[in-house]
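Enquirer: Okay, sequence plus prediction incoming.
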Amino acid sequence: MELKITQDILTQRQRMPLDLKIDFSLQRIRHWYEKYSGNVYVAFSGGKDSTALLNLVRSRYPDVPAVFVDTGLEYPEIREFVKATPNVTWLKPTKTFKEVVEHHGFPVVSKVVSRAISRIRSPGSSEQSRNKAMNGDERGSYGKLPAKWRFLLDAPFRVSDRCCEVMKIRPIHRYHKETGRAGIVGTMAADSNSRRKQYLVHGCYLDHLSVPRSTPMAFWTDADIWEYLRSNGVPYCSIYDTGVRHTGCMFCMFGIAQEASPNRFELMAKTHPSQHAYCMDRLGLRDVLSFLGIPTGDEPTTGLQSGASAARDTPLPASASS
């Protein structure tokens, strides 16, 4: 357990030179490794952050396994990169993305927004839950649906934040139950407001969770990741050299409203046309993105619902950016 971390402390750590950050992170990796007697793993997505983390962990503990959750939504280049990485355990969810969106709804804008919309629209939600999603509670506005996204309450499609839970979290929970291994994860406080808040409360050690994990690089930045990879000659996935910035699930729409053009789907139309056609035509993402006022990459965006363009052009508040 770390001492109380303030925003000033986080800022100081984020401003440290990379060599000090590496030492700082290695200390936390060693602590986690020894606490669990080496029964740990690295959560490996094939993206740049987890690539840097895996290299850092294995620089001290070469036999630590990596765990990759094969959702079927990864870029082909990511899958090939993961296949070429030694000692990786592949996990699979029990449902496909198509089944998840049909049963629960589409992941749009952010987890906070999607969760709030789902709770408000669900007949199974309690009045207290719906009221919190609309108006916040005594602890503040976190989890409240921002006014600019309330037009999504009238969307002709279902909205939900359940995709990550079903496709990523549940397989990891099963793995932990079967092996007892504790995770080492490459998330950073700079990724989102929720991850920043998490770091301020818990630091790098989240051993209070049912599936404990450590985030030893939480005070790193994107610039640190690239400096580490390039200065150490660490191979990374070629997808980054195509201009793709978002290398998570290809069809996820979290964060899409904040992306400048060309957004991830506009890029996908050029770099991966078959996957683009599938998600637009078979999964229905074209209708969802058009309702949001987001360019799809293959047709002009016209005839939008009132409020969609304004919502797209207005920055998300910090409480809704996670």
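Expert: Noted; the coordinates are in hand.
Enquirer: So the nearest residue to Lys111 once chain neighbours are set aside versus Lys48, what's the distance?
Expert: Setting aside the residues directly before and after it, Lys111 is nearest to Asp161 in space (CB to CB, 6 or more residues apart in numbering), at 4.6 Å. No exception for glycine: its C-beta is placed from N, CA and C like everyone else's. Asp161 sits 25 Å away from Lys48, taking CB to CB, to the nearest Å as the criterion.
Enquirer: what's the neighbour count on the residue nearest to Lys111?
Expert: 22 (other CB atoms under 10 Å).
Enquirer: for Val201, same thing?
Expert: Neighbour count of Val201, defined by other CB under 10 Å: 10.
Enquirer: Surely it is within a helix?
Expert: Yes: under DSSP: H, G, I helix; E, B strand; the rest coil, Val201 sits within a helix.
Enquirer: For it, give me its contacts.
Expert: Contact analysis of Val201 by CB atoms under 8 Å, 6 or more residues apart in numbering lists Ile5.
Enquirer: mind running it again at 10 Å?
Expert: Lys4, Ile5 (CB atoms under 10 Å, 6 or more residues apart in numbering).
Enquirer: Now do the same for Gly124: helix, strand or coil?
Expert: Reduced to three states by three-state DSSP, Gly124 is coil.
Enquirer: What degree of burial does it show, as a neighbour count?
Expert: As a burial measure, Gly124 scores 6 neighbours (other CB under 10 Å).
Enquirer: Need the pLDDT of it.
Expert: Gly124 is assigned a pLDDT of 81 by the prediction.
Enquirer: From Leu145, how far off is it?
Expert: Computed as CB to CB, the Gly124 to Leu145 distance reads 18 Å.
Enquirer: cool, and Arg115?
Expert: 9 Å.
Enquirer: Settle it for me: which of those two has more neighbours?
Expert: Counting neighbours by other CB under 10 Å for Arg115 and for Leu145 shows that Leu145 has the greater number, 25 against 18.
Enquirer: Can you tell me the element that one falls in?
Expert: Assigned by DSSP states H and E, Leu145 belongs to no helix or strand.
Enquirer: Now do the contacts for it.
Expert: Residues in contact with Leu145 (CB under 10 Å, 6+ apart) are 109, 112-117, 119-120, 132-136, 152-153, 320.
Enquirer: out of these, which are buried?
Expert: Among the contacts of Leu145, those buried by neighbour count (16 or more other CB atoms under 10 Å) are 109, 112-117, 119-120, 132-133, 152, 320.
Enquirer: Excluding covalently adjacent residues, which one is nearest to Lys144?
Expert: In space, and not counting its chain neighbours, Lys144 is closest to Gly136: 4.0 Å by CB to CB, 6+ apart.
Enquirer: my read: the one you found touches Val112, true?
Expert: No: using CB atoms under 10 Å, Gly136 is not in contact with Val112; the gap is 11.4 Å.
Enquirer: rewinding a little: on the three-state scheme, the residue nearest to Lys111 is what?
Expert: The assignment at Asp161 comes out as coil when based on three-state DSSP.
Enquirer: Retrieve the pLDDT associated with it.
Expert: We have a pLDDT of 94 for Asp161.
Enquirer: How about the contacts made by it?
Expert: Applying CB under 10 Å, 6+ apart, the residues contacting Asp161 are 104-105, 107-119, 254.
Enquirer: what's the distance between it and Gly143?
Expert: Asp161 is 11 Å from Gly143, by CB to CB.
Enquirer: Please give the number of neighbouring residues around the nearest residue to Asp63 once chain neighbours are set aside.
Expert: Of all residues not flanking Asp63 in the chain, Asn87 sits nearest, at 7.3 Å (CB to CB, 6+ apart). Residues within reach of Asn87, counting by other CB under 10 Å, total 14.
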